[in-house]
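J.: following is a predicted model, sequence given first.
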Amino acid sequence: MPQPAATALASRAPDRPPRPHPRTGSEFTPLLRTIKEQGLLAHRPGWYARDIAAGLLGIAAVITALALIGPSWWTLLLALPLALLSARAAFIGHDAGHAQISGNRRLGRAVQLVHANLLLGMSREWWNDKHNRHHAHPNHLDKDPDVAADVLVFAAHQAATRTGLRRFLTRHQAWLFFPLTTLEAIALKVYGVQALFSRTGPCRTRHERLVEGALLLAHLAGYATLLLSLLTPLQALVFALLHQMLLGVHLGLAFAPNHKGMDRPDAHPDGDSWGHLRRQVLTSRNIRGGVVTDWFLGGLNYQIEHHLFPSMPRPHLRLARPAVRAHCRALGLPYTETGFVDSYRQALGHLHEVGAPLRAGETA
């Protein structure tokens, strides 16, 4: 069991390669035993039921307010609380995909389909496929889809091959990061629909495609009908854009600081042989904070604990933190934890550094 003093420990990853680790035995097994003994892998269906109910009631309250106010530009103010509530739905969908809510697969699938496909218009199957690959190989340029070269790049050799508009984006990607996150919610919808119609997409059966497609269509029809029946066409369009942009920024704030700028297994000769503990801890960054931080980031501020124990219920992540920190300290393994603002400084600083060679060529 960890000592109480472990909760006061806070360390940053040093600017040096991680220490050599033993090749025999498992660094993770003793920690897993401790976590199991503390009962932190047990499901919390009651906690999630209350959280889901609160989220659905909140969405219903926003819809009621929209109906009461009617076709007025003041309704644009409601886009902010709706974006916050939509992010709650995204966090529930994320947790359901990790089997955090229940050990019953059918129940977890149903919860995720409602929150991802129906409420957000985002493909459950596409997200799970992408996110599971990320968890298996976090921050690995060749295996983690979250750091594959796309709009943003995360390594100098990725930047070197950029041309045209993508080259411009890479040169200034740190400054453009937050503006680009305004498109994130829309991009998630587009990628999901593309995967649904792709022959190589994650949906394995005709039934899965029909269910996914029907719920995505129901989301689009319901969203459009709701706004167009309560607002003028122009107000509905502006409200939808504002809602999706705010949601994109919120999701970007929740996901961006977790791994960007952290160690990369592909940057080490023995990176592919790292064990589970080392692979997850060295590539992840925690964000310090209290209840508000936990709520706003959906528990993803405990990124190290989440990656070590993906099925651990969200309210248990903060409880696992002392044991994880103490275990890492005993092994001499860096445990990176920083403040809310500094986490973005580190992540954006890394993006700025990656684009530096292109900016140097621009002024040469």
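T.: Ah, there it is. Numbers count the residues shown, from 1 in each chain.
J.: for the one residue sitting closest to the centre of the chain, give its distance to residue 285.
T.: For the chain, the residue nearest the mean C-alpha position is residue 255 (3.9 Å; Cα atoms, centre = their mean). To residue 285, residue 255 is 12 Å away according to Cβ to Cβ, to the nearest Å. C-betas here are computed from N, CA, C, even on glycine.
J.: what's the helix or strand for the residue nearest to the centre of the chain?
T.: Using DSSP states H and E, residue 255 sits in helix 233-255.
J.: so what's residue 360 up against?
T.: With contact set as Cβ atoms under 8 Å, 6 or more residues apart in numbering, residue 360 has no partners.
J.: the same query, at a cut-off of 10 Å, please.
T.: residue 171 (Cβ atoms under 10 Å, 6 or more residues apart in numbering).
J.: what comes up buried for whichever strand or helix holds it?
T.: Assessed by DSSP H and E, residue 360 sits inside helix 340-363. Using 16 or more other Cβ atoms under 10 Å as the test for burial, helix 340-363 gives 340, 343-344, 346-348, 350-352, 354-355, 358.
J.: adding pLDDT and distance to residue 316, write the residues you listed out as a markdown table.
T.: Listed next are the buried residues of helix 340-363 as a markdown table, based on pLDDT from 0 to 100; distance: Cβ to Cβ, whole Å:
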| residue | pLDDT | distance to residue 316 |
| --- | --- | --- |
| 340 | 91 | 22 |
| 343 | 92 | 22 |
| 344 | 91 | 26 |
| 346 | 91 | 26 |
| 347 | 91 | 26 |
| 348 | 91 | 31 |
| 350 | 91 | 30 |
| 351 | 91 | 32 |
| 352 | 91 | 36 |
| 354 | 89 | 35 |
| 355 | 88 | 39 |
| 358 | 87 | 43 |
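J.: hmm, which two among the residues you listed are most spread apart?
T.: 340 and 358 (29.3 Å; Cβ to Cβ).
J.: in this protein, where is pLDDT below threshold?
T.: Within the chain, the segments meeting pLDDT under 70 span 1-25, 201, 203-204, 361-364.
J.: what do you get if the cut-off is 80, keeping everything else the same?
T.: 1-25, 199-204, 360-364 (pLDDT under 80).
J.: gap between residue 103 and residue 41?
T.: On the measure of Cβ to Cβ, residue 103 and residue 41 end up 10 Å apart.
J.: more crowded one of the two?
T.: Using other Cβ atoms under 10 Å, the more surrounded residue of residue 103 and residue 41 is residue 41, with 15 against 12.
J.: which ones are touching the more buried one?
T.: Contacts of residue 41 by Cβ under 10 Å, 6+ apart are 32, 35, 100, 309, 311-313, 316, 320.
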